[in-house]
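Asks: just the structure for this:
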Amino acid sequence: MYRVHARFPVARTMAGIVFITLLASLNAACDGSGSNNSVSNVETEPMEEVEVESVFTEHGCEIAIPQGFTAQDVRCGTLTAPLNRDEPGGDTVNIEFGVILARQSGVNEDPFVYVPGGPGDESLSTFFAFDALDLLKSVNETRDLVYFDPRGTGISTPSLACPERREQANAAYFTPGGAQEDQLARLEGMQLCLERVMDAGTVISGYHSAAIAADLSEGLRALGYTQVNLWGTSYGGRIAQTLMRDFPELVRSAILDASTMSDIRETDAANFQLSINRVFAQCADSESCAANYPDLENQFYSVIEQLNAEPAEAAITFEGAERIVYVSGDRFLGGIANALNANSLLPLIPIAIANTAAGDYTLLRAIAPDLLSAFDSIAWGHYASVVCAEVAPYWSEAERQASNASVNPLISAALDPISHGVDVDQCEFWQVDPRPAIAGESILSDIPSLILQGEYDVSVPQSYSERASENLANSQYVLFPGFGHVVLPQAFDAEGSSCAQQLLAEFLATPNSLVDTSCLEELTQPF
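Replies: Next up, the predicted model:
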C-alpha cells in the first residue's frame, strides 16, 4: 500500500485559523503505473519536517469500484484533521475521499466534486459507482469525479450514525399513533444513541459547515487540485457556499441543487403547505386532473382526519417477519411529503388522496413499507450536531410562529415539531457549542453558480433558491417544472442528454455564460 503524507502550514481566512495543504507528490492511482490519472504529478523539493495539524494518506480503495473500472481508474485517501478546528491539537477525525479518474487519458480539466447533503448524508457507498456509470458519465469523460464522506458520516470515523433512532422510529409505526408518538420515539432513539456515543468517548461537538468545508478544502488540495467545480445537493449546497466564502480561490464554479441557505428559516409545515398547495393549483389547471379529482384539496384534509381517527392497517414483510404498519393521517401526510420530492411518485399523489378518501387503501398499503426507515443512510448524530450548533441557535419561536401563520392546523399538527429540519426538543439534550453568528448570516459570492430548483420540492422550497440567487452575484437560477427535491439525478439518461445534464455540461464548459434553458419547454407537469 502506497502511503503519502501532506503537510499543512497555517493560514488565516474569514473562518479563522485553518490549515492549507502543501501538495505532496502523489503517484498515479495506487501503484504509480499505467494510470489515466488526470492530476499531474508534481516534483517537489525535500521539505523540512514540521509539526502538522492535518495529514492526508493515500491508500488503496476499500469501497466498491464501479463496474468496468479497475484499481488504476480510482484513487482513495484519508484526511486526518482536528476535531475542533478552533482549538486544534486535541482529538482528530478521519475523512474518507474517493476519486474516479477522467476516462480520457491525459485530460486535466478541473474536477467535479460531489458535496452530499443531509446533514448526515454519505457519498462513497451510495453515489461513487452510480454517478460514474450513469448520471455523470459524460462529465467523467474529461473530469475527475471526487467524493467524500463528511466527518462523522459513512465510512469516515468516528461515526455519528444512530441506528437507535431508526429502530425506535420503526417500532413506533407498528403501533397506532401519530406525530406526537413518532416524535417521542425519535427522541428516545437519539437519547439512546447519545448514551452509547458518550460511553464510547466520542465527542459530539466539532461537526458544522465551516469544519466540513475546511476538511474538503484540505482533501482536495492534498489530491493535487487547485480549482474545482462543486455540486452541492440540499444541505451540501450550504457546505459548498461555505467553501465559496472561506476558500474562494479553490472554487471555479458551483452547482447548487436544491440548496439550503444559512440566512433563511422556514418550518417544515410551511414548506409542505406551499408544495401541496401547488399540487392543488396545478391539478385544478389540468383539464384531465380537474375532471378526475374535482375536490382534491378538501379530500386531502378529510383523509388526514379520517386516518387520524382510524389508522389504516398495512401488512408488510419487515426484516423477515410479517408486521402490521399503522398509517395514521399524520403518517399519510409524511408519505405525501416523500412523494412531493420524487418525480416518479408525484403523479400518484392525486389518485392516492382520492382512493384513500373513498376507502380504497390499496395504493396506501403499497407505499406503507416506504414509510419505514426513511433516510436510513443519514448519520443522525452528525445531523444533530450540525443543526443544534448552527441552525437551532438562530431559530426563534417568533420565526416559527410567523412561518406557520398560514399553515392548515392539520399540517402544523403533523409537522410542527420539526422546524427547518430541526427537531427542536432534540437540541435540549444533544448539547453542542453554538457556532458564531456568521453561521446564520448571508453568504455572498461572485463565483459563477448554477442554481437548480424543483417546482414541488418540499424539503427546500423555491424561496431558498431565490435567496441564493440574490446572494450570489454571478448566478443563474433555473426552476424545473414538475420536479421534486434535487434536480440533477431525476429524469436523467446515461447519455447525458437530459435537460438538467445539458445545462450542467454548458455551465461547466463556460461558467460565465448564460445556459440555454429552452429544453425546459419540453418538460411536462405530472398531473
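Asks: so how far is the longest helix along the chain off the chain centroid?
Replies: Taking DSSP state H as the criterion, the chain has its longest helix at helix 179-199. Relative to its chain's centre, helix 179-199 lies at 22 Å (CA atoms, centre = their mean, to the nearest Å).
Asks: ok, stretch 507-523 next?
Replies: Its chain's C-alpha centre and that of stretch 507-523 lie 23 Å apart, by CA atoms, centre = their mean.
Asks: in that stretch, what's buried?
Replies: The neighbour-count check on stretch 507-523 (16 or more other CB atoms under 10 Å) flags 507-508, 511, 515 as buried. Placement of C-beta: from N, CA and C, glycine included.
Asks: can you lay out those as TSV showing distance to residue 153 and secondary structure?
Replies: Formatted as TSV, the buried residues of stretch 507-523 follow (distance: CB to CB, whole Å; DSSP: H, G, I helix; E, B strand; the rest coil):
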residue	distance to residue 153	secondary structure
507	27	helix
508	26	helix
511	29	coil
515	32	coil
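Asks: export these to TSV and tack on distance to residue 293 and pLDDT?
Replies: Shown next, in TSV, are the buried residues of stretch 507-523 (distance: CB to CB, whole Å; pLDDT from 0 to 100):
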residue	distance to residue 293	pLDDT
507	38	98
508	41	98
511	43	98
515	36	98
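Asks: between these, which is nearest residue 300?
Replies: Nearest to residue 300 among the buried residues of stretch 507-523, counting by CB to CB, is residue 515 at 36.4 Å.
Asks: got the phi and psi for the closest one?
Replies: phi -80, psi 150 (degrees, to the nearest 10).
Asks: where does pLDDT dip in the stretch 251-400 of the chain?
Replies: Counting by pLDDT under 70, the stretch 251-400 of the chain has low-confidence residues at 373-375.
Asks: mind listing the helices for it?
Replies: Ranges of helices within the stretch 251-400 of the chain are 268-285, 287-292, 296-309, 329-340, 349-357, 362-371, 380-390, 397-403, based on DSSP state H, counting those that start in this stretch.
Asks: helices or strands up against the longest one?
Replies: Put plainly, it is helix 268-285. helix 287-292, helix 296-309, helix 329-340, helix 349-357, helix 409-415, strand 418-419 (3 or more CB pairs under 8 Å, 6 or more residues apart in numbering; DSSP states H and E).
Asks: kindly reformat the ones you listed as CSV containing mean neighbour count.
Replies: Formatted as CSV, the helices and strands packed on helix 268-285 follow (neighbours: other CB atoms under 10 Å):
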stretch, mean neighbour count
helix 287-292, 12
helix 296-309, 18
helix 329-340, 22
helix 349-357, 21
helix 409-415, 21
strand 418-419, 22
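Asks: would TSV of these with distance to residue 61 be doable?
Replies: Supplementary listing: those in TSV, determined by distance: least, CB to CB, whole Å:
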stretch	distance to residue 61
helix 287-292	48
helix 296-309	47
helix 329-340	33
helix 349-357	41
helix 409-415	41
strand 418-419	37
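Asks: next, the buried residues of stretch 121-129.
Replies: Under the neighbour-count criterion of 16+ other CB under 10 Å, stretch 121-129 has 121-125, 127-129 buried.
Asks: name the element the residue nearest in space to the middle of the chain belongs to?
Replies: Among the residues of the chain, the one closest to the centroid is residue 117, at 1.7 Å (CA atoms, centre = their mean). Assessed by DSSP states H and E, residue 117 sits outside every helix and strand.
Asks: use 41 as the first number for this chain going forward.
Replies: All right, first residue 41 from here; so that's residue 157.
Asks: tell me the pLDDT at the closest residue to it other than its chain neighbours?
Replies: Among residues not flanking residue 157 along the chain, residue 274 sits closest, at 3.1 Å (CB to CB, 6 or more residues apart in numbering). pLDDT recorded at residue 274 is 96.
Asks: number of residues surrounding residue 274?
Replies: Residue 274 sits with 26 neighbouring residues when counted by other CB atoms under 10 Å.
Asks: quick one: it from residue 372, how far?
Replies: Counting by CB to CB, to the nearest Å, the separation of residue 274 from residue 372 is 24 Å.
Asks: from what I can see residue 176 touches residue 185, true?
Replies: Yes: contact criterion CB atoms under 8 Å: residue 176 and residue 185 qualify, at 5.8 Å.
Asks: quickly list what's touching both of those two.
Replies: residue 152 (CB atoms under 8 Å, 6 or more residues apart in numbering).
Asks: ok, and the closest non-adjacent residue to residue 525?
Replies: residue 381 (3.6 Å).
Asks: residues contacting that neighbour?
Replies: 494, 496-499, 524-526.
Asks: just the buried members of those residues?
Replies: The neighbour count (16+ other CB under 10 Å) marks 494, 496-499, 524-526 as buried among those.
Asks: among those residues, name the ones in strands.
Replies: residue 494 (DSSP state E).
Asks: with just CA atoms, put stretch 329-345 into CSV.
Replies: C-alpha atoms of stretch 329-345 as CSV (Å, rounded to 0.1, in the frame of the first residue of the first chain):
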residue,chain,number,x,y,z
CYS,A,329,-56.8,16.1,-13.4
ALA,A,330,-59.6,18.5,-12.6
ALA,A,331,-62.2,16.2,-14.2
ASN,A,332,-60.9,13.1,-12.3
TYR,A,333,-60.3,14.8,-9.0
PRO,A,334,-62.6,17.8,-8.8
ASP,A,335,-62.4,18.1,-5.0
LEU,A,336,-58.8,17.2,-4.3
GLU,A,337,-58.0,19.8,-1.7
ASN,A,338,-61.0,19.0,0.5
GLN,A,339,-60.4,15.3,0.1
PHE,A,340,-56.8,15.6,1.3
TYR,A,341,-57.8,17.2,4.6
SER,A,342,-60.6,14.8,5.0
VAL,A,343,-58.2,11.9,4.6
ILE,A,344,-55.9,13.3,7.3
GLU,A,345,-58.8,13.5,9.7
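Asks: can you name the residues in contact with that stretch?
Replies: Residues from elsewhere that reach stretch 329-345 (CB under 8 Å, 6+ apart): 316, 319-320, 322-324, 369-370, 372-373, 376, 390-391, 393-394, 396-397, 448, 450, 454, 567.
Asks: re earlier: measure the residue nearest to residue 157 to residue 539 for me?
Replies: 20 Å.
Asks: ok, now residue 558?
Replies: Counting by CB to CB, the gap from residue 558 to residue 539 is 9 Å.
Asks: again with residue 441
Replies: Counting by CB to CB, the gap from residue 441 to residue 539 is 39 Å.
Asks: please identify which of those two sits among more neighbours.
Replies: Neighbour tally, residue 441 and residue 539, criterion other CB under 10 Å: the higher count belongs to residue 539, 20 against 11.
Asks: wait, what's in contact with that one?
Replies: So residue 539 contacts 520, 531, 559-560, 562-563 (CB under 8 Å, 6+ apart).
Asks: over to residue 132: give its phi and psi.
Replies: Taking degrees, to the nearest 10, you get phi -120, psi 160 for the backbone angles of residue 132.
Asks: that one - nearest residue in space that isn't next to it in sequence?
Replies: Nearest residue to residue 132, sequence neighbours excluded (CB to CB, 6+ apart): residue 120, at 5.2 Å.
Asks: quick one: the one you found is in a strand?
Replies: Yes: under DSSP: H, G, I helix; E, B strand; the rest coil, residue 120 falls within a strand.
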